[in-house]
Every structure is written in structure tokens, then in C-alpha cells.
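1. need a structure here:
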Amino acid sequence: MDIHQNLKTLRQASGLTQQQAADRVGLTRQAISNYERGRTRPDVELLARLAEVYGADLPAVLYGCSREQRLLRALKMAVTVLLAGIFLLTLAHSGLMLLLNRCLPPLLVAGAPQLLETRFTLLDFWELWAELTGVFSQVCCLVAAVCLYRFKRPPSPAWGAALFLAASAGTAICALLPALWDTVYTLPDYLSISVRTLLPVLVLLCFWCGLALWRKFLRKRG
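-> This next block holds a predicted model:
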């Protein structure tokens, strides 16, 4: 990882905005932005000052080896896996329901016991898939919560809000597309899985906000 990426990661891990970091070292926000984009490179003295502001040391800026940087990378990985998994699992869940209603609609299987049994079996699998998607969301959110708890100064809760909005929009889109082609089930039926996947994300967001406020309160007392 390059120095400009290390500077950005350290700032994010410290919970500071570019403007806040600039104010503490007597620079402009644009200067901090240029350092983090790699357009310009600060001298060693300024690197040491930035490291101090971010609660790190010079090796952390040069080599990206601080504890907070590792935690932030782990948090980003957990969030990325969470979003990708939610989108793919929700889309697969909705696609299975669309396929089931297209190939084995209730009117078709009503007078055929074997087809009716097949439909019920697939419905059980559909429900199991929803349960697994909910468990996946819970596990990823738990990993993210552990990472957050280990931060001395958690990243801005705005990240958590953006995560919840992205997860909500993604599950809605993944459910909406198959629902448009289904003549048996409606959109609310497809969105039922969203409750199981988004509830852990909402709990994570609440934990994130509460932890950030608590740590801020402790810093003020200290």
C-alpha cells in the first residue's frame, strides 16, 4: 500500500474528516486531499505530524502496519462481503421463486399430486434459502461489529448509514426485477427476505452510532 493510501486509511480509522485533519496540522482541506490522492507528497516532518494527529507513528504511514489500519481493512472486507452476499443471495432467492411460479404455478399443480409435492418441496428450499441469507447477514454484521469495537476511535457512523441504505436499495432492486415478471406473487412477497437480511444491518448501524457516541463521551471525560 502506498503512502497516500496509508494516510487516507489512518485518517478514516481515526474518525476524522479531511477538514478536521487539515485544521489540526494547519493546512487546507485541499492539501490533505492531494496527499491522499497521491498528487503531492508531504515531507517527513509533516508525515510525522499527520501520524501524531491520527494516533499512529511514522512506520504506520510509511508501511501501513498499524493496528487501526488492519482493523479498517478487515471492516471494509466484512462490509464488502456483506453487500455482495446480500445482493447475490437475494437475487438467487427471488429468481428461484420466479422460476417456481413460472414452471409450477398453483393452478397447474392443483390437480397433479406429484407436481404439487414438488412445488411444496421447492417452497421449503426457498424458505431455507431465506434463513441462510439471514444467517449470512448476521455473521457478517457480527464480524463488522467486532472490528468496530476494537477501534479506539470508530469510523464515522455515516459509513454505517451508507451501508444500510446500500443494502436496502440493493435488496429492493434484486426483489423488484423478478417480481415484475411474476403473475402469482407480488412485490411484498419478494421483499419478505429483506426483513431477515436488513435487520442485522440495522442493528449494526445502531451499535455503530452508540459506540461512536460512547467513545466520544469517554474521550471528553479523559
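2. only C-alpha atoms from now on, for both contacts and neighbour counts.
-> OK.
3. in which helix or strand does Ala78 reside?
-> Counting by DSSP states H and E, the element that carries Ala78 is helix 67-103.
4. against which helices or strands is that helix packed?
-> Under the contact criterion of 3 or more CA pairs under 8 Å, 6 or more residues apart in numbering; DSSP states H and E, helix 67-103 touches helix 3-14, helix 113-150, helix 157-179.
5. which positions within it qualify as buried?
-> 68-72, 74-75, 78-79, 82-83, 85-87, 89-98, 100-101 (16 or more other CA atoms under 10 Å).
6. dump the helices and strands packed on helix 67-103 into a markdown table; add mean neighbour count as well.
-> Formatted as a markdown table, these follow (neighbours: other CA atoms under 10 Å):
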| stretch | mean neighbour count |
| --- | --- |
| helix 3-14 | 22 |
| helix 113-150 | 17 |
| helix 157-179 | 18 |
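7. hey, least reliable of those helices by pLDDT?
-> Here the lowest mean pLDDT among the helices and strands packed on helix 67-103 goes to helix 3-14, at a mean of 83.
8. what mean pLDDT does the following helix or strand past that helix get?
-> The helix or strand immediately downstream of helix 3-14 is helix 18-25, counting by DSSP H and E. Helix 18-25 comes out with an average pLDDT of 90.
9. can you name the residues in contact with helix 18-25?
-> Applying CA atoms under 8 Å, 6 or more residues apart in numbering, the external contacts of helix 18-25 come out as 11, 28-29, 31-33, 49-50, 53.
10. which of the residues you listed sits closest to Leu142?
-> Nearest to Leu142 among the contacts of helix 18-25 is Arg11, at 23.9 Å by CA to CA.
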